[in-house]
Structure formats: C-alpha cells, structure tokens
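**Q** Pasting the sequence and the predicted coordinates here, then a few questions.
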Amino acid sequence: MRFLHCYVENFGKLHKFSYTFSEGLSVIRGENGWGKSTLAVFIKAMLYGLPASRSTDLLENERKRYTPWNGETYGGSLSFSVGDRRYRIERIFGKRESDDIFKLFSIDTGLPSDDFSEQIGQELFGIDDAGYERSTYFSQRPLTEHAGYGSIQSRLSEQEDLTLSERAFRLLDKRRKYYQMTGNRGRIAELDLAISEQRRLLDEAEAKKLTLDETRGKLRECAEAIEGTEKLRRLTAERADLALAEKSRRLLAESLERLRLARERAKEKCERLSGEIGESIPSEERIAEVVKDVPEVERLLSEKAKSAERYKRRRRLVSRAQGTASSITALLSLVLFLIPIYPLAILSLATTALIFASLLSSAVKGKREKGEPPQERRLTELLSKRRELLLPLCPIMQDESLPDDAARLSVLREKRSALASAELELSHADDDLSAFLSEHPHAEEPQPDSEGEIGDAAALRVEADRLYLEIDRLRGEMLSLEHTERVISEAVEAIPSHAAMLERLIDERSESARHLSAILKTAELLEMARGSLITRYREVVEASFLRYAEELSLDLGKELSDAARAFTLSGEFELSIAEGGVTRSPILYSTGYRDLFALCLRFALTDALFTEETAPMILDDPFVNLDDERLDAATRLLARLSADRQILYFTCSSARDPIKLDEPIT
C-alpha cells in the first residue's frame, strides 16, 4: 500500500494545503509551528476518523484540538493505492462524531466505491487506531507507552493460528465474569447476598411469629375500647342535646314572661292614666278652644298684676304723705309751743298739710275704683268659660292642689300625651306577644320536670368532642395494629416459601461454585496453551527487535544464550533489560535510550504485522532526543528501509534529514 496525495481543506491551522508523496522516503521539513504534527494527525484521521471524546484536555480531545482556526469546512482528502487499485478518501468532520461525513471514490473509475467502509484504517491494516499509533504511525506521543497493543496481538495471533484459543479464552473469561467479578460482583456474589437476605427474612418472620398473638390481643382490646368510648360519647352527646333543649325551653319561658310583664305594665299604665284623666276625655277641639284664649288670659292676668303693683306704690306714697303731714303738724305745734310768735300762721301751715294728705289718699282710692271693674269682668268671663268646657269632663280640672287652670290644662295635656304613648306601647306589647306565640306555639305548654341535674350543655359538648377525638385516635391505633397484624401474618405465611427459596439458592450457589472451578481450571489450561502460541510470535518480534537494536548500535547481548539474554519481551510487548545481573525497566534509562527501545519495537512490530504488502510508515520527528552517533544510525536505517516501503518523515531541523530535500513544501 502507498499514499499518493493529500489535500487539506481545513484542519487545525492548515488551510487549502496539498502534498504529493514520493514512493520511497518523503521528507517534510518545516519550522516550529508550521503544522507538521497537524498534517500527520490529518493522515491518521483520514484513515481512522476522529474519535468522540468528552475530555476538556485538548491534548486528549483531537476533534476539539484541530477544529479549524478560521471556522470553515473541517476536513479534506487522502489518495492511496492498494495493489493495482487507487482510491480517494474524503472526510468532513462535525462537532460530534454522528455529524461526520465519509466518502470513498475509485480514482480509476471516478465513481463512489464501497470496497471499504468508514473503518477503512482497520480494514486496510487489520489493527485499530491505537495499534496503528504503536506500529507504523510514530506520533509525538511518548513512545514508551505500552497501552493500545490489543489489536496488534490479535493480528499476530491470527498469523500464529491463535484466534480460536483467544476466542475460547474470551468466552471462558466472559463466563467467569458471570459467576465472579472484582468488587464482590457476579452471580455467586448475588447468590450470597440473596442467601443472606432470605436468611434475614426467615429470621424476621420467625421473630414476628412470636408477636402475632400479642398483636391480635391488642386488636381486641382496642376494639372494645372503641365500642365503650363510642357508647359514652353517644350518652354524653344526648345529655348535651337535652341540656341544650332545657336551656332553650328556659329561655323561651323567660322571654314569654318578659313579654307578658311588659304588656301588663303597659296595660296598668293605660288604666292609671285613664283614671286620672276621666272617663270622658276632652276632645282636642275643646282643649284648642280653651287654648286660644290663653294669650288674652295671660295678658289680663299680667295687667291685673301690674295694676296691683301700681296700687301698692300709690298706697305707699299716701302713707308717706300722711306721715309727712303729721310730722309737719307736730313740728309746727312744737314750734308754736316754744315760740309763741306768729301762732296763727303756724297753725294755718299745719292745717294745710293735713288737708293735702287727706286729699291725696282720696284721689288714690277713687282712681283704683274707676279702673278695676272692666278688666276684672273680662278675666272672670274667660275663666268661667274654661271651667264650663273642661270642668265637667276631667277630674284634673277640679284638682285644687294645682295653682290655677293653666297649670291644670298643662297637666291635662301631658296626661293625655302619656296616655296615647301608653296605648301605643300596649299595642306593641300585644303584637310582640302574639308574634312570639305564633313563632313558638309550644312556649305556653307545661314542660316536664328533668330527672336530676343534666349539666352544662357547653361542657357536655366539649366532653363529647373529646371522646370523638379519642375514638379517632383509637381507630388510628387499630388501623396501625391491623396493618401490623397483616404484615406479620403475611410474613408467617411466607416462611415456607422463604425456606424453599433459601434451599434453591444454596443449591444454585453450590452448582455455580462447581462451574466456576471448572472454568478457572479450563482457563488455566488454555492460558498455558496460549502462552505456548504467544511464545512463537514473541520470538519473531524479539529477533526483529534485536536486529534493529544492533543496527542502531545498541548492545543487548545478541550473542548470548536465551538464558543470559540482556533483554526480555513479554507477550504484552513490555520490555525489560538485564544489566549487572538486575532486571530493570526502560523507564530507568535516558530519554534517548527509551526512544531507541520504542523505535526498535515499532520497526519489529511493523515487520511482524505486514509480511506480504507493507504499510506506509509515518515518523513525526522521532529522533529529537538522539545523540549524533545514534542519529546517524537512525537516518541510515530510514534510508535502507525506504528502499522497500514508503516512509513519511516529518522534522523541523535539517540536521535530522536522512537525505537532501527533493522539493520544497508548498
């Protein structure tokens, strides 16, 4: 097989890049960061695709690492030949593996081809991408890693007719894992758990069986308690109803008594007022006729009072005049006695004073007699008229305790208004009593006497509610006990089935243990046979490894016998080196030596894998850690190998060129 040409549309930093490969050695040199490793990964991706990965580490997640920097179409094409046929692979990569597009064309016909599928790399080389990276593809990953040799072993085993034994071993191992796995897993572990669980269930069922009679006794006690509490609750509720009825009856009787008392008081008030006013109550017209004369009566009474006041003042004046005249007469008499001069004149003055006082008194009396008769007559007429209208009808008008008829008339009107209010009150009392008796027709019926003290209705109702809650609690407890009794009964009933299941599980566990023992013994014998077959292909790889080690100037004891050989290679291709009588891992050697060991192993594996048609080898600058002597030997080795196989050699230094560049990089 040979690579012919590649075209990179976009892959990492590469953009619209094309390259045609030589038949032998193609040296691709570029400065750091040019994209040499990117191109090597591109070729591998064309053959094997880009695996899906959830890793956020870009060194592990190649799909994310080589996403085009410009964000355009992600992919390209690779042309190759197998035998006398030529093909072109086209791949477009998406964000997910399910979004990828794969196409294969025949260059000879220009038509799509179905000679190979998307797994074209594995179909061409017989190994997966991990095996490809451990053999013909030398990437920048550490060359001393030992993971990923499974597909290489499978291919070498097929060449050594190891397929059947490997298949048998896998089947045995699969069956062994059915019975026994790490981490206490497998059918035997499941059976152990199931046996333990069945024993636990049996023990629990036996323990529950002892509590079944006790639980049933509690159930009976709870049922009896519910029945007794329910009876007590009903009696208490009945007593509360009776107490409430008695209270209602008493309230009705009290209300009826209050209404009757109100009616009696209103009736008594009406009768009392009627008696005070009289049987014939004056009409409002008569009272109005009397009332219309009230202003004139009041005026006359006022004038009479004023006239009496004036008369009193004149009387006082006459009395003072008479007193003054008497005083003057007495004084003049004294003067005449003491001084008998002009006796006649003094006597005349005294006589004059006495005559003046007498005349003044007569004038006052005459004036009073002249003004009184008309007013007195009118006032007497009005008062007589009032007595004629009201005195025969109303005893109040005959009440001498009242000062006058006006007071009697005022009392009459007050009594008459009070009587109207009392009559209205009596009417309302009659209506209220009739309405109450209509609404409560049994209120007047005699009630039987209660037998004993019933008790307070509210307290009895509270007690009934408490008993109701207690019944609810007991019912909840009874439900819980019923559930417990049901669970215990089910557990007891399941004892025979648990015992039978336990017996079956123990038998199955014994049978599984016998099968596992037979599988382990068979696998042991098969491993011995497999080791014999592995020894044969390991010897081929060891011989080739030693040949390349010699060519690279590594002294690993080629001339020594097998027992004294300086290196050993396990069936898993793990290298160990004996030096000074002590076996050491290559990890203890320098980086350059470790790279040489891995390089020899890769060349040896490539020879063992491809015995008929060689596969192109890709070397991504694998000699960076070699000294000048080892570098010269390695480049000479590449020149020799390129004579019969295609080699793609990537480097960033002309010092590591195996030959001079034939053409520049475009």
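**A** Looks like it came in fine. Numbers count the residues shown, from 1 in each chain.
**Q** Residue 605: neighbour count?
**A** A count of nearby residues for residue 605, using other CB atoms under 10 Å, gives 23. (Glycine included, C-beta is placed from N, CA and C.)
**Q** now swap in residue 199 and tell me
**A** 14.
**Q** what residues are up against the closest residue to it other than its chain neighbours?
**A** On the basis of CB to CB, 6 or more residues apart in numbering, the spatially nearest residue to residue 199 that is not a chain neighbour turns out to be residue 502, at 6.5 Å. Neighbour list for residue 502: 195, 198, 199, 202 [criterion: CB atoms under 8 Å, 6 or more residues apart in numbering].
**Q** ok, and the most crowded of these?
**A** Neighbour max across the contacts of residue 502 (other CB under 10 Å) = residue 198, 20 neighbours.
**Q** show me the contacts for it.
**A** Counting by CB under 8 Å, 6+ apart, residue 198 has contacts 498, 501, 502, 505.
**Q** Excluding covalently adjacent residues, which one is nearest to residue 216?
**A** residue 485 (6.2 Å).
**Q** So that neighbour is in contact with residue 219, correct?
**A** Yes - Residue 485 lies in contact with residue 219 (CB atoms under 8 Å); the separation is 6.2 Å.
**Q** which residue ranges form the strands in this structure?
**A** 2-11, 14-20, 25-29, 75-82, 85-92, 101-106, 137-138, 567-569, 575-579, 582-584, 617-620, 647-651 (DSSP state E).
**Q** Let me see the contact set for the residue nearest the centre of the chain.
**A** Nearest residue to the geometric centre of the chain (CA atoms, centre = their mean): residue 476, 30.5 Å. Counting by CB under 8 Å, 6+ apart, residue 476 touches no other residue.
**Q** and the gap between it and residue 226?
**A** Going from residue 476 to residue 226 by CB to CB, to the nearest Å gives 11 Å.
**Q** now residue 584
**A** From residue 584 to residue 226 the distance is 87 Å (CB to CB).
**Q** Give me the more crowded residue out of those two.
**A** Remark: of residue 584 and residue 226, residue 226 carries more neighbours, 18 against 12, as counted by other CB under 10 Å.
**Q** I'd say that one and residue 481 touch.
**A** No - between residue 226 and residue 481 there is no contact under CB under 8 Å: 11.5 Å.
**Q** just to revisit the earlier point, please identify the deepest-packed of the strands of the chain.
**A** strand 137-138 (a mean of 26; mean count of other CB atoms under 10 Å).
**Q** Just checking: what are the partner strands of it?
**A** strand 617-620 (parallel) (DSSP bridges).
**Q** Chain neighbours aside, what residue packs nearest to residue 230?
**A** Per CB to CB, 6+ apart, closest to residue 230 is residue 471, 5.9 Å.
**Q** pretty sure residue 124 is touching residue 82, no?
**A** Yes - taking CB under 8 Å as the definition, residue 124 is a contact partner of residue 82 at 6.9 Å.
**Q** Quick check: neighbours shared by those two?
**A** residue 1.
**Q** quick revisit: any figure for the gap between the residue nearest to the centre of the chain and residue 313?
**A** In terms of CB to CB, residue 476 sits 108 Å off from residue 313.
**Q** Show me the shaky parts of the stretch 251-400 of the chain.
**A** 278-294, 296-298, 301, 321-322, 325, 328-329, 332-376, 378-379, 382-400 (pLDDT under 70).
**Q** try 80
**A** Low-confidence segments of the stretch 251-400 of the chain (pLDDT under 80): 252, 256, 273-312, 314-400.
**Q** do the same with the stretch 51-200 of the chain
**A** Looking at the stretch 51-200 of the chain by pLDDT under 80, you get 53, 55-60, 69, 140-170, 182-183.
**Q** Could you rerun that using 90?
**A** Where the stretch 51-200 of the chain drops to pLDDT under 90, the residues are 51-65, 69-72, 83, 95-98, 125-190, 198, 200.
**Q** Next: the stretch 551-666 of the chain.
**A** In the stretch 551-666 of the chain, residues with pLDDT under 90: 551-614, 620-645, 651-666.
**Q** And for residue 38, nearest residue in space, chain neighbours not counted?
**A** Using CB to CB, 6+ apart, the closest residue to residue 38 is residue 12 (4.1 Å).
**Q** what's the answer for residue 478, then?
**A** Here the residue nearest residue 478, using CB to CB, 6+ apart, is residue 222, at 4.5 Å.
**Q** What is the neighbour count of the one you found?
**A** Neighbour number of residue 222 under other CB under 10 Å is 19.
**Q** Do I have it right that it meets residue 471?
**A** No - Residue 222 is beyond contact range of residue 471, at 10.9 Å (criterion: CB under 8 Å).
**Q** Look up how far residue 57 lies from the nearest residue to residue 10 once chain neighbours are set aside.
**A** Distances taken as CB to CB, 6+ apart put residue 68 closest to residue 10, at 3.6 Å, once the chain neighbours are dropped. The gap separating residue 68 from residue 57 is 20 Å, by CB to CB.
**Q** okay, these two: which has more neighbours?
**A** Using other CB under 10 Å as the criterion, residue 68 and residue 57 rank with residue 68 on top: 18 against 9.
**Q** State the phi and psi torsions of that one.
**A** phi -50, psi 140 (degrees, to the nearest 10).
**Q** Contact partners for it?
**A** Here residue 68 is in contact with 10, 11, 12, 15, 74 (CB under 8 Å, 6+ apart).
**Q** what separates the residue nearest to residue 478 from residue 92, distance-wise?
**A** From residue 222 to residue 92 the distance is 78 Å (CB to CB).
**Q** ok, now residue 223?
**A** 80 Å.
**Q** ok, now residue 623?
**A** 34 Å.
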